[in-house]
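Sequence and predicted model, in that order:
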Amino acid sequence: MRILFLLSVVISGIVSVVGFAFTNMTTTLFDPTGDNFVGGNGNPGLMFVMFPMLIILYFFFAMMLVFEKLHKRFLMKRKLFQTCYSGVFVLILVMTIYRIASFEMKSIRILNTKYPI
């Protein structure tokens, strides 16, 4: 039973990653200058997430069970888990802020070169 659960988690994880990767590849980018000439609003990209949504939700809930088991198994190392979670959260926050700032600077630079004051 444990092997079947592990297999289902791995397969649903692969489906989740592939679904989000295809969504990222097929969604049109924000183009403030209008140079890309790509039609549509990105809805075809959403089908890679909407069709396997039940599998993706199963993966998220299964990972909750896996992490509960890990916490019970390594009960003595609670501070280590908290430190790792905090570190991952801070890393994601810094990467997000950096991406937002770089995107804003890039779009401002593009608009200034296309429409000088």
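Yep, it's here.

so the residue nearest in space to the middle of the chain is in which element?
In the chain, the residue lying closest to the centroid (CA atoms, centre = their mean) is residue 20, at 7.0 Å. Using DSSP states H and E, residue 20 sits in helix 2-26.

Look up how far residue 60 lies from the nearest residue to the residue nearest to the centre of the chain once chain neighbours are set aside.
The shortest distance from residue 20 to any non-neighbouring residue, by CB to CB, 6 or more residues apart in numbering, is to residue 49 (6.6 Å). C-betas here are computed from N, CA, C, even on glycine. Computed as CB to CB, to the nearest Å, the residue 49 to residue 60 distance reads 13 Å.

and what of residue 71?
Taken as CB to CB, the span from residue 71 to residue 60 is 17 Å.

And residue 11, by the same measure?
14 Å.

looking just at contacts, which helices and strands does the helix or strand of the chain with the lowest mean pLDDT meet?
In the chain, the helix or strand scored least confidently by mean pLDDT, DSSP states H and E is helix 43-50, which has a mean of 76. Applying 3 or more CB pairs under 8 Å, 6 or more residues apart in numbering; DSSP states H and E, we find helix 43-50 packed against helix 2-26.

What is the helix it packs on packed up against?
In terms of contacts (3+ CB pairs under 8 Å, 6+ apart), helix 2-26 is packed against helix 43-50, helix 53-73.
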